[in-house]
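**Q** Here is a sequence with its predicted model. Questions after.
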Amino acid sequence: MNKPATKDTVIPIKQEGMYRKEPKIYPREAKGRFARLRKLAVWVLLGLFYVACWLQWDGQQAVLFDLPARKFHIFGLTLWPQDFIYLTGLLIVAGLSLFFFTALAGRLWCGFACPQTVWTEVFLMMEQWVEGDRNKRIKLDKAPWTARKIWKKSLKQFLWITFALWTGFTFVGYFTPVLELGPKILALDTGPWETFWVFFYGLATYGNAGFLREQVCKYMCPYARFQSAMFDKDTLIISYDEDRGEPRGKRKKNADLEALNLGSCVDCTLCVQVCPTGIDIRDGLQYECIACAACIDVCDEVMDKMNYPRGLIRYTTEHAVHGEPTKVVRPRTLIYATLLTLVTIALVVSVFNRTPLRMEVLRDRNALYRVVDPATVENVYTLKIVNMEDVDRNYTVSVEGPEGLRIDGDSTVEMKAGAAEAFVLRLRAPTELGTGRRDIRVSLETEGPDAISVHRDSTFFLPFN
Amino acid sequence: MEQEHWGWRRRSIAEVLWPSFLAAAVGTMVFFALIDPDLLLMAAERQADWSQTAIYSVGFFSFWALTALSSGLTTWLIRTERRKAEFPRDRRRPPESDEQQEQG
């Protein structure tokens, strides 16, 4: 005990403040139900990301965020900046879903769906494929720089960088039509900002999934810090069954546990080795735990080998651990579920009932009215019309108001698909109406069977005297 | 080659850059949903020949710079507060009350 403390055990307070130094984590590969589930999630989610930009819909990219034209195309639906409310709605739905699923089943998002987890999983797959399993990776990192090590490290970097750049390319492909972007990149003819974003997103992927990994969850992620606020005693958590497992210790297969005074935990430390955040689940629930369930998989495997029942580490609730019934339906889940359902219905209904036509009526700023001849008064307006459909349209302008009010000139408007234009509208009324202001309503209607219409209220000024 | 430890410096950088990135993303979305970059070009005092993508990108990074500045200042204020606690000599207090801080 008189040996000088090693680097790992000393906490150098002066230089590091309150932060502890931590060793690099080499997560061991886990095999089992949850690992398969996560692989499935990785394939589905990343599959969607890498494939969706290549899909075509009505002769154009199915999912395209066309920033220069300020239009978002999502499978035939074209969203304009005016539709920003739907994006807000979508974010609220996403937030509520996160609350709901967290209250119900803990950090499902972290373990299976978070881009950080999903991309890290892919980078780990590549690392494992090149460098081998956990022990081989640790050995390789400790080994001197031989030709073999240089080869393995270079191959890994090559795979990582290629994959990261492809990810960056795919990301930009959602903003610049991907079928145009490909040839442009091959011809080294991309715009400066397109090139920049390919590298920037690629670098972010590489950094986050290759190097930062669990540090993102531990130090950078706001959700990791506040998710516990959604937890209660009925939330699914990953838990080590202390009553059953302790006292832990090594033993031979088929040894008499009672004679040895041992619990089910064989202290193989595999649960620690597979943990991507490097914690020991046997110390209890910790905020670092991203609920990836790798420790469940690996412990079940060990229990099978020992002929012990599975579930020494398992998905459970705090109530279940203490032998009390778990309530899935409870005020917290009910409130989240109700809010989620209501907002989702409201969002879906409003998207499908959205009128793809917009009009604003602006009064002429210079003159309130003009007396054209002794019998006629004229007011001038600007109509700003946006045809939000993907087809050309003809519209008819009509006006309601005092007796004798009429449109001077053509009352039909032709507009190209997706066009936004301004038109001058002249309204005339007989002077015999008197003086003062009158309320009017301007309507715009499409022709044809699936007619849509919008209207705006404005005012018409008659002479003051 | 690979980073083994995360000291406070690296952690502070991460803690500043990531939340400010998220805030900047939200800010950029709201800002450009309400304001067309063409209007910005028209309002610019000098003639600027910027592409839409350039305006969006520069807009995003301006937001990020601003939010990172704010987060950075907050982090710095908190850290310097702690440093005073860790190095009591720096405190401007009478020596008799200058007790060693408990460290653990």
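**A** It's in.
**Q** what pLDDT does the residue most central in space within chain A get?
**A** Nearest to the mean C-alpha position of chain A, counting by CA atoms, centre = their mean, stands A:Ala94 at 7.6 Å. Looking at A:Ala94, its pLDDT is 93.
**Q** Just the buried positions in whichever strand or helix holds it, please.
**A** Taking DSSP states H and E as the definition, one finds A:Ala94 inside helix A:84-105. Neighbour-count burial for helix A:84-105, counted by 16 or more other CB atoms under 10 Å in any protein chain shown, picks out A:86, A:89, A:92-93, A:96, A:98-105. C-beta here means a position set from N, CA and C on the backbone, and glycine is covered the same way.
**Q** Next secondary structure after it?
**A** By DSSP H and E, the next helix or strand past helix A:84-105 is helix A:108.
**Q** Contacts for that following helix, please.
**A** Helix A:108 has contacts (CB atoms under 8 Å, 6 or more residues apart in numbering or on different chains) with A:101-102, A:291.
**Q** how about these in a markdown table, adding pLDDT and distance to chain B?
**A** Compiled in a markdown table, the contacts of helix A:108 are given as follows (pLDDT from 0 to 100; distance: CB to the nearest CB, whole Å):
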| residue | pLDDT | distance to chain B |
| --- | --- | --- |
| A:Phe101 | 92 | 20 |
| A:Thr102 | 92 | 18 |
| A:Ala291 | 91 | 21 |
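**Q** what's the closest of these to A:Val377?
**A** Nearest to A:Val377 among the contacts of helix A:108 is A:Phe101, at 63.1 Å by CB to CB.
**Q** My read is that that closest one contacts A:Cys110, right?
**A** No - counting by CB atoms under 8 Å, A:Phe101 does not reach A:Cys110; the two are 10.7 Å apart.
**Q** Grab the CA positions of stretch A:227-234 and hand them over as CSV.
**A** Extracted C-alpha coordinates of stretch A:227-234, given in CSV (Å, rounded to 0.1, in the frame of the first residue of the first chain):
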residue,chain,number,x,y,z
GLN,A,227,-34.9,12.2,-19.1
SER,A,228,-35.0,11.1,-15.5
ALA,A,229,-37.7,13.7,-15.0
MET,A,230,-40.1,11.5,-17.0
PHE,A,231,-39.2,8.4,-14.9
ASP,A,232,-41.3,7.0,-12.1
LYS,A,233,-41.5,3.7,-10.2
ASP,A,234,-43.4,2.1,-13.1
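**Q** what about it, near chain B?
**A** No - using CB under 8 Å from any CB of the partner chain, stretch A:227-234 never reaches chain B; the gap is at least 15.6 Å.
**Q** Any buried residues in stretch A:451-459, and which?
**A** Neighbour-count burial for stretch A:451-459 flags A:454, A:456, A:458 (criterion: 16+ other CB under 10 Å).
**Q** So what touches stretch A:338-346?
**A** With CB under 8 Å, 6+ apart as the test, stretch A:338-346 has contacts from A:89, A:92-93, A:96-97, A:100.
**Q** Now distance to chain B too, for those residues, in a markdown table please.
**A** As requested, the contacts of stretch A:338-346 are exported to a markdown table (distance: CB to the nearest CB, whole Å):
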| residue | distance to chain B |
| --- | --- |
| A:Gly89 | 13 |
| A:Ile92 | 13 |
| A:Val93 | 16 |
| A:Leu96 | 17 |
| A:Ser97 | 18 |
| A:Phe100 | 21 |
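**Q** pLDDT below threshold where in chain B?
**A** B:1-6, B:47, B:82-104 (pLDDT under 70).
**Q** For it, which segments count as helices?
**A** For chain B, applying DSSP state H gives helices covering B:8-34, B:37-43, B:52-86.
**Q** Reformat those as JSON lines; add distance to chain A and mean neighbour count.
**A** Listed next are the helices of chain B as JSON lines, based on distance: least, CB to the nearest CB, whole Å; neighbours: other CB atoms under 10 Å in any protein chain shown:
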{"stretch": "helix B:8-34", "distance to chain A": "4", "mean neighbour count": "16"}
{"stretch": "helix B:37-43", "distance to chain A": "8", "mean neighbour count": "13"}
{"stretch": "helix B:52-86", "distance to chain A": "4", "mean neighbour count": "15"}
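**Q** Let me know which of the ones you listed is the nearest to A:Phe464.
**A** Per CB to CB, nearest to A:Phe464 of the helices of chain B: helix B:37-43, 35.4 Å.
**Q** need the contact list for A:Asp66.
**A** Taking CB under 8 Å, 6+ apart, we find A:Asp66 in contact with A:72-73, A:175.
**Q** of all those, which comes closest to B:Gly59?
**A** A:Phe175 (14.0 Å).
**Q** Just the CA trace of stretch A:67-78, in PDB.
**A** Only the C-alpha atoms of stretch A:67-78 are listed here, as PDB (Å, rounded to 0.1, in the frame of the first residue of the first chain):
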ATOM      1  CA  LEU A  67     -34.000  25.900 -49.800                       C
ATOM      2  CA  PRO A  68     -33.300  28.200 -52.800                       C
ATOM      3  CA  ALA A  69     -36.900  27.800 -53.900                       C
ATOM      4  CA  ARG A  70     -38.100  27.900 -50.300                       C
ATOM      5  CA  LYS A  71     -40.200  24.700 -50.700                       C
ATOM      6  CA  PHE A  72     -40.100  21.400 -49.000                       C
ATOM      7  CA  HIS A  73     -41.200  18.400 -51.100                       C
ATOM      8  CA  ILE A  74     -42.300  15.400 -49.100                       C
ATOM      9  CA  PHE A  75     -43.900  12.600 -51.100                       C
ATOM     10  CA  GLY A  76     -46.100  14.800 -53.300                       C
ATOM     11  CA  LEU A  77     -46.800  17.300 -50.500                       C
ATOM     12  CA  THR A  78     -45.200  20.700 -51.000                       C
END
